[in-house]
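**Student:** Next one to model:
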Amino acid sequence: MIAKDGQLIATLDSPDQNAAGIPTTEARLDGDILVVKVGVAAATYQARIDRVQHTLNGDWVQRGASYPLKLSRRAESSAD
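**Tutor:** Predicted coordinates:
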């Protein structure tokens, strides 16, 4: 989301941990590179935006370990 002052605003959801709306300490876009920092998790996600495939392809770095993480859009589904 973009705030009125033009700054990016981001939160993190972790369904496996039943956590939603985790605040981020930084979210910025430099060209096609998205950087999101999550202070409470000591983590950073840095990814390249693919505007054709509608994906983010990058790395989740947490406490010295790096994990490849590709995110893509999908239609929301309703819970039954």
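
**Student:** pLDDT score assigned to residue 45?
**Tutor:** Residue 45 carries a pLDDT score of 97 in this model.

**Student:** what's the burial count for it?
**Tutor:** Per other C-beta atoms under 10 Å, the neighbour tally for residue 45 reads 23. For every residue, glycine as well, the C-beta is placed using N, CA and C.

**Student:** next one: residue 68
**Tutor:** By other C-beta under 10 Å, neighbour count at residue 68 equals 9.

**Student:** Could you do residue 44 as well?
**Tutor:** Number of residues near residue 44 (other C-beta under 10 Å) recorded here: 19.

**Student:** Next one: it relative to residue 18, how far apart?
**Tutor:** 23 Å (C-beta to C-beta, to the nearest Å).

**Student:** I'd guessed residue 68 sits against residue 61; true?
**Tutor:** No. Between residue 68 and residue 61 there is no contact under C-beta atoms under 8 Å: 10.6 Å.

**Student:** Check the spacing between residue 37 and residue 53 real quick.
**Tutor:** 25 Å.

**Student:** The two: who's more crowded?
**Tutor:** More neighbours surround residue 37 than the other of residue 37 and residue 53, with 17 against 11 (other C-beta under 10 Å).

**Student:** Is the more buried one bridged to anything, and to what?
**Tutor:** Beta bridges link residue 37 to residue 26, residue 44, judged by DSSP bridges.
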